[in-house]
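[1] Give me a 3D structure for the following:
(chains A and B)
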Amino acid sequence: MKRGELLGSLEHIILLALARLDESAHGMIVRREIEERIGRNLSIGAVYATLERLEAKGYVSSFTGEPTPERGGRAKRRFRVEAAGKRGLAVSDETFRGMTAGLSRWERI
Amino acid sequence: MKRNSPPAFACWLLESVVPAPYREAMLGDLIEEYALRAESASSPNVMRWFWSQACRSVPPMVWSSLGSRDWLISMSIAMGVYIVLEVLEYGAHLAVSRLVRPQPLTYVLLAPVQFLAGSSIAGCVAARIRRGATIFLALMVMITVAISIALKVCTTPVPWWYEFGFLALGPLSVLLTPAVFWGAHPAAEGSAR
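    Down below sits the predicted model:
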């Protein structure tokens, strides 16, 4: 992650969801995790578009599994957070912590 | 339609707009989730969920494919098919006018048949070459019809719904005909990009 380059809010949420899940997860599991945790009902398209962007940036990597009948013969694509993604999360968290530190009034808004 | 088979047209729509690297995975995720939900929820609710996911997924996917060159290839194919369609329609128009020497009313009756048949065939051809091209082709048909209405190309007096029928049914026939033909068997078109 380049210095000064912050994750977008959806990128941040999706990276955090991936980090919370096991070794690897597919798009629908990520979508469900976000819905269960923060109640945000994302479309699967938004999840995949963001995962694609994160993969292009090198924050996540993906691999294709075996096709299964319950998926209409379609294979799963599993994603995992890479070292660059973990660094990106750390930098974003640090930035937000730095910016919100001492903002006692902010908690009352 | 089987209880746990998702709406074919929604699948077709997604297959047309989702970039190739994620198409299989994304559709598979949706189909799997649909089957899971179908076991516990009512059929209309699950159907609504699927359609909502499909429709809300289109804008981010279209935006995402704009970043790659995918859309450029799809648009070029749509443009090529559209030019061929126009040439054939012009030929058909000439042939009809020579053969039956129609009155304006005959044209009014024949034009929708000729237009819808042409749009349907063009949609199938475009989809056969590349699924994403059908979306661009439908847009081109819609824009051309809208321009024709605005420029009042049709000199014969016709009711408003006649012209707007072209505007709605033209793009729909481009999108729906290939979905009806191949939508139920998407796996058969393994080479679709």
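[2] Compute the number of surrounding residues for the residue of chain B found nearest chain A.
    Nearest residue of chain B to chain A (CB to the nearest CB) works out as residue B:57 at 2.5 Å. Yep, even glycine has a C-beta here, placed from its N, CA and C like the rest. Neighbour count for residue B:57, taken as other CB atoms under 10 Å in any protein chain shown: 25.
[3] Which residues outside the longest helix anywhere in chain A are in contact with it?
    For chain A, the longest helix by residue count, based on DSSP state H, is helix A:83-100. When contacts are defined by CB atoms under 8 Å, 6 or more residues apart in numbering or on different chains, helix A:83-100 is touched by residues A:1, A:6-7, A:12, A:15-16, A:18-19, A:54, A:57-60, A:81, A:106.
[4] interface residues of chain A facing chain B?
    Listed as neighbours of chain B in chain A under the rule CB under 8 Å from any CB of the partner chain: A:26-28, A:31, A:43-46, A:48-53, A:64, A:67-68, A:70-77.
[5] Could you rerun that using 7 Å?
    A:26-28, A:43-46, A:48-49, A:52, A:70-77 (CB under 7 Å from any CB of the partner chain).
[6] buried stuff in the one helix or strand residue B:83 maps to?
    Following DSSP states H and E, one finds residue B:83 within helix B:70-99. Going by neighbour count (16 or more other CB atoms under 10 Å in any protein chain shown), the buried part of helix B:70-99 is B:70, B:71, B:74, B:75, B:77, B:78, B:81, B:82, B:85, B:89, B:96.
[7] Quick check: phi and psi on residue B:41?
    Main-chain torsions, residue B:41, degrees, to the nearest 10: phi -110, psi 170.
[8] Number of residues surrounding it?
    13.
[9] Which residues lie in contact with it in this structure?
    Shown in contact with residue B:41 (CB atoms under 7 Å, 6 or more residues apart in numbering or on different chains): no residues.
[10] Residue in chain A with the shortest distance to chain B?
    Closest point on chain A to chain B, by CB to the nearest CB, is residue A:45, at 2.5 Å.
[11] Spell out which parts of chain B neighbour chain A.
    Going by CB under 7 Å from any CB, the residues of chain B near chain A are B:22, B:24-33, B:35, B:53, B:56-58, B:60-61, B:63-64, B:187.
[12] how about the helices of chain A, start to end?
    A:9-20, A:27-38, A:44-56, A:83-100, A:104-108.
[13] Residues contacting the third one, please?
    Outside helix A:44-56, the residues within contact range by CB under 7 Å, 6+ apart are A:10-11, A:14-15, A:27-28, A:30-31, A:60-62, A:79, A:85, B:22, B:26, B:29-30, B:53, B:56-58, B:60-61, B:63-64.
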